[in-house]
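# heads up, no residue letters with this:
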């Protein structure tokens, strides 16, 4: 039997979806939704019970429709609404390390916009909110730029340079 110290909360079950037994899961962080796992633990009467994933479909950055094995209709799925969802501690730790590493590798890189203008150097990554931000400093000026692949045009690892296409007004003071 798994101990409470071996698992960490990652979200909650929401409502059933459709008639085939899918359940909507709402995750605490987007990283948890992307965890590579074959099963989740649902807390039933205070006991973590493993449920194996048959199908997994993202619906937003922090939610997904999940079809668990042996949950084949909406009535069965309805039994598992509003339950805490857990993953093994080692899976959560790995996901969080990957999430930190993903954007923190750019600390020290120079950011250049689509006009060739140097905006500054990434001093740190602010991941305290759902939207991760690059904290870019240029002298006394500080810019907060969303850390998203949508804005990154090119990365030159040798020169430690990131070229970004930023929406108008994002860098205006």
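Good, I have the coordinates. Quick caveat, the model's predicted, so the values are computed rather than measured.
# What strands line up against the helix or strand containing residue 14, and which way round?
Take DSSP states H and E as the rule and residue 14 turns out to sit in strand 7-17. Paired strands of strand 7-17, with direction, are strand 22-27 (antiparallel), strand 84-88 (antiparallel) (DSSP bridges).
# buried set for that strand?
By 16 or more other Cβ atoms under 10 Å, the buried positions in strand 7-17 come out as 7, 8, 10, 11, 12, 13, 16, 17. For the C-beta atoms, the positions are set from N, CA and C on the backbone; glycine is no exception.
# Same list (the residues you listed) but as JSON lines, adding pLDDT and distance to residue 76.
Shown next, in JSON lines, are those (pLDDT from 0 to 100; distance: Cβ to Cβ, whole Å):
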{"residue": "7", "pLDDT": "92", "distance to residue 76": "23"}
{"residue": "8", "pLDDT": "92", "distance to residue 76": "26"}
{"residue": "10", "pLDDT": "94", "distance to residue 76": "22"}
{"residue": "11", "pLDDT": "95", "distance to residue 76": "20"}
{"residue": "12", "pLDDT": "97", "distance to residue 76": "18"}
{"residue": "13", "pLDDT": "97", "distance to residue 76": "13"}
{"residue": "16", "pLDDT": "96", "distance to residue 76": "9"}
{"residue": "17", "pLDDT": "96", "distance to residue 76": "13"}
